[in-house]
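Novice: Kindly return the folded structure for what I paste below:
(one chain, ligands or ions: 3)
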Amino acid sequence: MNQPRRVENLQTDKGRVPVYATGIVEQPWADYSAVDHDVWRQLYERQRQLLVGRASDEFLVAQDAMGMSPDRIPKFSELNRVLRDATGWELIGVEGLLPELDFFDHLANRRFPVTWWIRRPDQVDYIEEPDLFHDLFGHVPLLMNPLFADYMQAYGRGGVKAHGIGPEALVNLTRLYWYTVEFGLIRQQDGLRIYGSGIVSSKGESIHCLESTAPNRIGFDLERIMRTRYRIDSYQKTYFVIDSFEQLIDATEPDFTPIYARLATQESYPAGTVLESDRVYSRGTGEGWASDGDV
Ligand SMILES: C[C@H](O)[C@H](O)[C@H]1CNc2nc(N)[nH]c(=O)c2N1
Ligand SMILES: N[C@@H](Cc1ccccc1)C(=O)O
Ligand SMILES: [Fe+2]
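Specialist: Ligands and ions are numbered 1, 2, ... in the order given. Below is the predicted model:
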């Protein structure tokens with residue numbers, strides 16, 4: 001995608017960046033400070049160590065294929081050469097969260113929006129919004145996996161379609177993103193493993209999601225997930241487990257229009273729910289759960 005014309009230098013609270021008409025930001029790589037690069041290195045090395053034995057084989061293979069350097073914040077332009085050859089995806093720089101339709105349209109065109117700024121040293125254990133580390137370390141590697149790359153584009157197309165159907169459909173579809181792309185687990189011969197970006201980019205949740213007795217771990221069920229509310233400010237109460245990316249692709253291939261219509265007549269479930277019909281890998285103790293805050 002040829003860069004659209006530059007319209008202005010946006011003064012943000014994190015520095016001046018060139019912003020294009022489409023909201024795409026050019027990565028100001030030369031402006032990253034030594035502190036920025038050190039935060040990247042610290043987070044990268046800590047997560048790489050934590051994820052051995054915890055992340056899925058697909059994630060670890062994809063991350064090695066992506067070939068990011070721990071020593072400095074990677075250049076989007078360098079990663080794009082590798083990514084385009086592998087699956088036709090490319091990264092674009094953004095300021096932060098985009099309006100939903102913009103986000104879906106980028107995914108539908110195999111463009112993944114990556115936040116251009118990285119968190120401060122005092123935010124290494126928790127940050128309330130996606131930064132460069134969450135997007136680049138968490139989301140980008142699996143775009144090297146052909147199956148997952150297809151799923152992400154299909155999701156984007158589904159998002160554009162859901163946006164046209166209405167706000168409830170968008171809520172249903174966002175839950176699917178949350179419980180797969182962000183916080184998904186996958187079953188392997190040697191146990192449950194992580195593929196969700198929100199988990200792999202978080203030290204605490206990488207440990208909690210597999211080792212804590214507090215959360216439920218339940219087998220993937222499309223409509224169950226689309227009815228289930230989630231948490232945005234604490235560890236998840238429930239993690240959903242797929243058997244494979246093929247299962248995810250097969251389950252989401254059909255037209256969702258009748259599913260949205262059915263879901264509109266049904267109640268949603270609180271995040272900590274366990275149903276009789278659930279395939280329960282482990283039922284949580286609920287220890288430490290806040291009673292409110294589901295979205
Ligand atoms: C999938 C869901 O709509 C979600 O809230 C979107 C909205 N906008 C976004 N914008 C950016 N840049 N990155 C994201 O992950 C999202 N997520
Ligand atoms: N098949 C879904 C779109 C979709 C594809 C892949 C993942 C999620 C959603 C629809 O018709 O709306
Ligand atoms: Fe994310």
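Novice: need the residues of the stretch 151-295 of the chain near ligand 3, please.
Specialist: The stretch 151-295 of the chain has residues Ser197 near ligand 3, with proximity defined as C-beta under 5 Å from the ion. Every residue, glycine included, has its C-beta placed from N, CA and C.
Novice: Which parts of the stretch 151-295 of the chain are helices?
Specialist: 167-177, 197-200, 203-211, 222-226, 245-252, 257-263 (DSSP state H, counting those that start in this stretch).
Novice: contacting residues around stretch 279-290?
Specialist: Residues outside stretch 279-290 that contact it (C-beta atoms under 8 Å, 6 or more residues apart in numbering): 187, 192, 212-219, 221, 234, 237-238, 241, 272, 274.
Novice: Return the most buried member of the helices of the stretch 151-295 of the chain.
Specialist: helix 197-200 (a mean of 24; mean count of other C-beta atoms under 10 Å).
Novice: helices and strands around it, which ones?
Specialist: helix 203-211 (3 or more C-beta pairs under 8 Å, 6 or more residues apart in numbering; DSSP states H and E).
Novice: Show me what the helix it packs on packs onto, helices and strands only.
Specialist: Going by 3+ C-beta pairs under 8 Å, 6+ apart, helix 203-211 lies up against helix 34-51, strand 191-194, helix 197-200.
Novice: was I right about Met152 contacting Asn145?
Specialist: No - applying C-beta atoms under 8 Å, one finds Met152 not in contact with Asn145, separated by 9.7 Å.
Novice: Excluding residues flanking it in the chain, which one is nearest the residue in the stretch 151-295 of the chain that ligand 3 sits nearest to?
Specialist: Distance from ligand 3 to each residue of the stretch 151-295 of the chain (C-beta to the ion) is smallest for Ser197, at 4.8 Å. Leaving aside its sequence neighbours, Ser197 sits nearest to Gly138 (C-beta to C-beta, 6 or more residues apart in numbering; 3.3 Å).
Novice: and Val17, what pLDDT?
Specialist: pLDDT for Val17: 72.
Novice: now the strands for the stretch 101-250 of the chain?
Specialist: Remark: strands assigned in the stretch 101-250 of the chain by DSSP state E, counting those that start in this stretch are 111-115, 185-188, 191-194, 216-219, 238-242.
Novice: I'd like to know how far Leu136 sits from ligand 3.
Specialist: 11 Å (C-beta to the ion, to the nearest Å).
Novice: Tell me the predicted confidence for that residue.
Specialist: The model's pLDDT for Leu136 equals 98.
Novice: What about it, how many residues nearby?
Specialist: 24 (other C-beta atoms under 10 Å).
Novice: Now for it: which residues touch it?
Specialist: Leu136 neighbours (C-beta under 8 Å, 6+ apart): Met68, Ile73, Pro74, Leu79, Leu91, Val114.
Novice: Name all residues that make contact with the closest residue to Leu107 other than its chain neighbours.
Specialist: Nearest non-adjacent residue to Leu107, counting by C-beta to C-beta, 6+ apart: Gly156, 2.6 Å away. Contact partners of Gly156, counting by C-beta under 8 Å, 6+ apart, are Phe103, Phe104, Asp105, His106, Leu107, Ala108, Asn109.
Novice: Check Trp178 too.
Specialist: Contacts of Trp178 (C-beta under 8 Å, 6+ apart): Tyr230.
Novice: what does Gly159 give?
Specialist: Contacts of Gly159 (C-beta under 8 Å, 6+ apart): Glu100, Leu101, Phe103, Phe104, Leu107, Ala108, Leu170, Leu173.
Novice: so who does the last one touch?
Specialist: Okay, so that is Leu173. Tyr155, Gly158, Gly159, Ala162, Met226, Phe256.
Novice: Wait, the fourth one touches Asn172, no?
Specialist: Yes - at 7.5 Å, Ala162 counts as touching Asn172 under the criterion of C-beta under 8 Å.
Novice: Give the residues shared as contacts by these two.
Specialist: Contacts common to Ala162 and Asn172, judged by C-beta under 8 Å, 6+ apart, are Phe256, Tyr260.
Novice: ok so, going back, among the helices and strands packed on helix 203-211, which is nearest Arg16?
Specialist: helix 34-51 (14.8 Å; C-beta to C-beta).
Novice: With adjacent residues omitted, what lies nearest to Thr238?
Specialist: Closest to Thr238 by C-beta to C-beta, 6+ apart is Asn216, at 4.3 Å.
Novice: what's near enough to touch Gln42?
Specialist: Contacts of Gln42 (C-beta under 8 Å, 6+ apart): Pro121, Val124.
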